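Q: Structural data only, the sequence is not supplied:
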């Protein structure tokens, strides 16, 4: 299964989309599929400084809970408030309406620690 | 006992398994094999078990005494219909309702319990119960710590001493510090001290009990609540006498975000301390931090109303070391008893009981304080307990009352050295005028005798 | 009023909520009428409204009777729930606990007025200590997980007193109950999960790799949750003790070992019991439980308070000169004055009514009877295991203890039918489902614990029902996947329950 080409990925199944100095973060289609019906997402507070690959929240499905690791470090600019009432959008549209949070990048070089679509595809199709 | 196996069954089953004997089936390495002689109570036929317990029962003479004991465990009337219903085998012998399809009745009862607790406290959500009032306080405090990340708690010294002791046991494990707020002269919490303390913004939560351990109504006023909110501290209300909820302004109305308490008063037997039933209720904001089980209303695959345990991802069996609590077994059966009690009493019955508690405790207060050498220690508005100062060691006075078959109350010196001449006395709807008279007669003799020594 | 009659005979619809019944003023006269509250307290201290329903006693009796009929307990059928020990709950236990002399005894009753209650606690405590090879127990904790927390708090305090507060690692096998890591985390310990070996056990070599000067406690249950006896337990205990750590025994599986092997003899320093499992206290739909915590001699001072203290009273003969039982010649008190104790775990002394039940069960059995209980529990589990192995995988095909695990993994690959589907199909046959998906290391796990109170006929019937379900799964899997169909509701929409939580009834706003 091909992964969206405009994104970078982490081994923990998060994606990041770099837009200038900022980035948008979410979980991959593979991740939402293996978690099942997502019922709640706990996100970091706006304004919080987060470190690349640090634990910043949790994703809960009906019968599982999984730590959320940020693929990129920086300051949290915005979180997807809509998830509070509609966590299912992470299942429906993980790369669109189901985005999680936006970050002001601390260090643009951190993207070098991430996986390309092709490399992530190897993990996700194992 | 209670094993249905015949010798023929055992033989046939061993043959099916392919082993020669039960000993072979349970073989263990010699290094750990049992070598000691076991010293366990002897086996008795059932009728003799009852006789053995007759003997124990006869030595519990406290149940025949006139009692003014309260202090977190209360004598209230319990209609026999409660036992008839709660002791039905379907309820009694069920496990936790993980299999919703065959547990709809119990799940609905717990949903009703959660609803009752919300109605009584004014809170948004309530859990399916915790062990008791003290552990409810500990778990509620952990919720607050998880909410704002502060590792320090502020608790009123007018909270039940046992609850504070249990909180300390838990906090020793969590490496959380506890500071206590002093008492004001009227037997409520010192709000000036409270306001100064929360202003440091060091505390995860501030906990107050109302009615407090001394029976006094002890709630945040608007000024104190503003200071608590301003400091980002979570206000926790502690309820040790749930019957008061039927009369007093709800904890929600005076600003509590988390309400923890004990519901023994709702039909649960005194039973020398347990099992009782704790509850935790909170505002919506704390929903994902609430420990223990929650029952939710949903639908089944045919669209029928169906109840189910929900938000289980908070719990230990899924989250393991990251769970909000380690709680597994709770107090479902006691919660069921309390739910049946509340259903039977209803709004009218519950109001009546609350009014009778207010009335009888005032009768008690008037009667004892009219005695020479006996005074009420505090003069704040109270629910059904009073602090009686006998101006001499309370323990000695209580011992003299015991000789007259009266359990006069709890010696406060046990928990508050400065109150060693004070007795905590309780009156409920079951306290009769005759019992109050017996107490005052005895007390006047006892106090008088002591005063002359 | 149609909502009030929606549970007519012949319909399966949920009864209306208690809040949807009743009329204000339909009061039951249990107590006298009370005076207006304003006579006693200023209005500002009183609540505005008390929005609870008033129901007649008959309506309440019918409501909860209907709810009971929609609830499945041991009294209705076989309950093979692994690790939960759902055995018959003898009624004498409840009859003893309900006696007024116990049920109406106030916890602050002075010791001299509650000697009978204290004697019950003393006899139970002494019997448990002997049966499990511990120096002493405290009956204070309220349930298994609560006792587990008490035990870890004891360990924490013990190491602190010894000047070893740096010991912060707790070793937990991957087969452990979920409460083990959760309790460890509540004491600030870091959890090290230990993989099981191919025999489903903790290997001595593996555990030695993680042991060190930072080891605090190793938490194990034996037999483990696969139902297997950890036959190297004494070597494991020696290795843990060699590095200065403590051994903790999770007593959830104690029904397998009575009169056979004792945690104390296996090298455990701390343990808990779930007397609501092993000693037939009814589970009551999920509590109240009862969780005595036991310790070896070097940890007795740390037990939670209070503990029952006994001193000889001198009355060793009855009035007609016959010798009395040893405990009848004692005077008892509650001991709160224990400076090294971790403190109390709960509001009052113990779940005392459950101590009464557990002791009544002890008296029904004695030491020999309890040994037989464990033997027959193991017999029943092995009997079912060999029969089930005909048609389901049993990943550990050897003698088990009181429970065993089967796996539906092969069945799932072949048919799509999962362990969950099998479990739900059992409900259609008037049986409780086994524990599923636990322990976590066995895929599509069904964990089966028949207990000793079930007859061979019941076990044979269960096996045949299970066999029929597996056969159906191979022929028409969709039938099994649709189960249950004979229950009052079908599978419940858990996703909806979690996404849109509806956790209480709310009054319709006027």
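A: Okay, I see it. These figures come from a predicted structure and were not determined experimentally.

Q: Run through the strands of chain A in chain order.
A: Assigned by DSSP state E, the strands in chain A fall at A:8-9, A:14-19, A:22-27, A:38-42, A:49-50, A:55-61, A:65-69, A:74-79, A:101-105.

Q: quick one: is the fifth one near chain B?
A: Pointing back at strand A:49-50 there. No - with C-beta under 8 Å from any C-beta of the partner chain as the criterion, chain B is not reached by strand A:49-50; the gap is at least 14.8 Å. Where you see a C-beta, it was placed from the backbone N, CA and C, and this is true even at glycine.

Q: and chain A, which residues reach chain C?
A: Residues of chain A lying close to chain C by C-beta under 8 Å from any C-beta are A:37, A:39-40, A:60, A:62-63, A:87-88.

Q: quick one: the helix or strand of chain A with the lowest mean pLDDT near chain B?
A: Lowest mean confidence among the helices and strands of chain A (mean pLDDT, DSSP states H and E): strand A:65-69, at a mean of 86. Yes - judged by C-beta under 8 Å from any C-beta, strand A:65-69 comes into contact with chain B through residue A:65.

Q: from the chain's centre, how far out does that strand sit?
A: 10 Å (C-alpha atoms, centre = their mean, to the nearest Å).

Q: in its sheet, what does it sit against?
A: Strands that pair with strand A:65-69, judged by DSSP bridges, come out as strand A:55-61 (antiparallel).

Q: The strand it pairs with vs strand A:14-19, what angle?
A: Relative orientation of strand A:55-61 and strand A:14-19, computed by axes from the mean of the first three to the mean of the last three C-alpha atoms, to 10 degrees: 120 degrees.

Q: Give the buried residues for strand A:55-61.
A: Residues of strand A:55-61 classed as buried: A:56-61 (neighbour count, 16 or more other C-beta atoms under 10 Å in any protein chain shown).

Q: got a list of contacts for that strand?
A: A:27, A:31, A:35-44, A:48, A:50, A:65-70, A:90, A:100-101, B:313, C:498 (C-beta atoms under 8 Å, 6 or more residues apart in numbering or on different chains).

Q: Just the buried ones out of the residues you listed, please.
A: A:27, A:31, A:35, A:37-41, A:43-44, A:50, A:65-66, A:68-70, A:90, A:100-101, B:313, C:498.

Q: Residue C:18: which of the strands of chain A is closest?
A: Set against residue C:18 and scored by C-beta to C-beta, those come closest in strand A:38-42, at 28.3 Å.

Q: Which residue is the nearest non-sequential neighbour of residue B:143?
A: residue B:289 (4.4 Å; C-beta to C-beta, 6 or more residues apart in numbering or on different chains).

Q: how close does the closest residue to chain B within the stretch 351-500 of chain C get to residue C:26?
A: Closest residue of the stretch 351-500 of chain C to chain B, C-beta to the nearest C-beta: residue C:366 (2.9 Å). Distance, residue C:366 to residue C:26, by C-beta to C-beta, to the nearest Å: 52 Å.

Q: Compute the first-to-last residue distance for stretch B:408-416.
A: Terminal residues of stretch B:408-416 lie 18 Å apart, using C-alpha to C-alpha, to the nearest Å.

Q: For that stretch, which residues meet the burial criterion?
A: Buried, per 16+ other C-beta under 10 Å, within stretch B:408-416: B:408-416.

Q: Name all residues that make contact with whichever residue of the stretch 151-300 of chain B sits closest to chain C.
A: Going by C-beta to the nearest C-beta, chain C is nearest to residue B:273 of the stretch 151-300 of chain B, at 2.8 Å. Applying C-beta under 8 Å, 6+ apart to residue B:273 gives the contacts B:73, C:107, C:347-352.

Q: rerun at 7 Å
A: If you count contacts by C-beta atoms under 7 Å, 6 or more residues apart in numbering or on different chains, residue B:273 has them with B:73, C:107, C:348-350, C:352.

Q: Just the ones in strands from these, please.
A: Residues of these located in strands (DSSP E): none.

Q: Get me the contact residues on chain A for chain B.
A: Within chain A, the positions near chain B by C-beta under 7 Å from any C-beta of the partner chain are A:40, A:60, A:63-65.

Q: Tabulate those in JSON lines, adding columns for distance to residue B:387.
A: Converted to JSON lines, these look like this (distance: C-beta to C-beta, whole Å):
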{"residue": "A:40", "distance to residue B:387": "47"}
{"residue": "A:60", "distance to residue B:387": "48"}
{"residue": "A:63", "distance to residue B:387": "51"}
{"residue": "A:64", "distance to residue B:387": "52"}
{"residue": "A:65", "distance to residue B:387": "48"}
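
Q: So among those, where is pLDDT lowest?
A: Lowest pLDDT among the residues of chain A next to chain B: residue A:63, with 71.

Q: which other helices and strands contact the lengthiest helix in chain C?
A: Criterion DSSP state H: the longest helix present in chain C is helix C:352-388. With contacts defined as 3 or more C-beta pairs under 7 Å, 6 or more residues apart in numbering or on different chains; DSSP states H and E, helix C:352-388 has these neighbours: helix B:7-17, helix B:22-25, helix B:46-58, helix C:91-97, helix C:115-132, helix C:275-278, strand C:404-407, helix C:456-475.

Q: got the ones you listed as JSON lines, with distance to chain A columns?
A: Below are those laid out as JSON lines (distance: least, C-beta to the nearest C-beta, whole Å):
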{"stretch": "helix B:7-17", "distance to chain A": "35"}
{"stretch": "helix B:22-25", "distance to chain A": "36"}
{"stretch": "helix B:46-58", "distance to chain A": "44"}
{"stretch": "helix C:91-97", "distance to chain A": "35"}
{"stretch": "helix C:115-132", "distance to chain A": "35"}
{"stretch": "helix C:275-278", "distance to chain A": "24"}
{"stretch": "strand C:404-407", "distance to chain A": "19"}
{"stretch": "helix C:456-475", "distance to chain A": "22"}
